[in-house]
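S.K.: need a 3D model of the following:
(chains A and B)
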Amino acid sequence: ILNVEQSPQSLHVQEGDSTNFTCSFPSSNFYALHWYRWETAKSPEALFVMTLNGDEKKKGRISATLNTKEGYSYLYIKGSQPEDSATYLCALPDSSNTGKLIFGQGTTLQVKP
Amino acid sequence: TAGITQAPTSQILAAGRSMTLRCTQDMRHNAMYWYRQDLGLGLRLIHYSNTAGTTGKGEVPDGYSVSRANTDDFPLTLASAVPSQTSVYFCASSERGFTDTQYFGPGTRLTVL
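M.R.: Residues are numbered from 1 along each chain as shown, chains lettered A, B, ... in the order given. Here you go, the predicted model:
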């Protein structure tokens, strides 16, 4: 089974701080990488799907980069707000034949006002 | 549009009893998935279906069965529940491809006593 690792496991920052966290994966047989945002007591919501080495995606204050050669993706949040508090998941498909995703354990972000 | 609905919202079940968790989507997505969420383990795939009439095993299929008689419905059955199946269960759907976003239902919280 594909090994998807996220670090750190949890993160506490002050409102206004910028932060970033990492998703690591095997660089061989890469197909795509998904980032999801998961608020407590809600369902995971998609942020980005990334497919190309060097890809950079942005949605508001959140951006992500992808390095498929070295097997990592960074998620950045600029000027964190309390509403950014959530668990951020990355996931990769284990083959090109299906949409079956293998999820990392997530990074839980807590932004203090 | 409802998206994905799950029922029940929560359930307490006696060990040894059977139960079916229901999942319905109205997006005409080809693929559907069942995950369980456990503290420290993230989202783990139980079973999936790439298209109506087909199903496949995920990471943790033991003790669960699924069927996909039509495009919209993907029920998950626990034939004889055990306490280790206490978890939050999420259903998801996607078009099918490995770059397609998965859309998640609201979850079912199941407690097996």
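
S.K.: list the contacts of the spatially closest residue to B:Asp38 that is not a sequence neighbour.
M.R.: What sits nearest to B:Asp38 in space, not counting adjacent residues and going by CB to CB, 6 or more residues apart in numbering or on different chains, is B:Ser87, at 5.4 Å. Using the backbone N, CA and C atoms, a C-beta is placed for each residue, glycine as well. Residues in contact with B:Ser87 (CB atoms under 8 Å, 6 or more residues apart in numbering or on different chains) are B:Arg36, B:Gln37, B:Asp38, B:Leu110.

S.K.: any idea how far chain A is from B:Leu74?
M.R.: Actually, residue B:74 is Phe. It isn't Leu. As judged by CB to the nearest CB, to the nearest Å, B:Phe74 and chain A stand 14 Å apart.

S.K.: number of nearby residues for that residue?
M.R.: Neighbours of B:Phe74 under the rule other CB atoms under 10 Å in any protein chain shown: 30.

S.K.: can you check B:Ser84 too?
M.R.: With other CB under 10 Å as criterion, B:Ser84 counts 11.

S.K.: so it: helix, strand or coil?
M.R.: Applying DSSP: H, G, I helix; E, B strand; the rest coil to B:Ser84 yields a three-state assignment of helix.

S.K.: now it: how far from chain A?
M.R.: In terms of CB to the nearest CB, B:Ser84 sits 19 Å off from chain A.

S.K.: wait, what's in contact with the residue nearest the centre of chain B?
M.R.: Residue closest to the average C-alpha location in chain B (CA atoms, centre = their mean): B:Trp34, at 2.9 Å. B:Trp34 makes contact with B:21, B:23, B:45-48, B:58, B:64, B:66, B:74, B:76, B:89-92 under the criterion CB under 8 Å, 6+ apart.

S.K.: please, which helix or strand holds it?
M.R.: Counting by DSSP states H and E, the element that carries B:Trp34 is strand B:31-38.

S.K.: run a quick neighbour tally on the closest residue to B:Ser80 other than its chain neighbours.
M.R.: Residue nearest to B:Ser80 in three dimensions, not counting chain neighbours: B:Gly16, with 5.5 Å by CB to CB, 6+ apart. Using other CB under 10 Å, B:Gly16 has 10 neighbouring residues.
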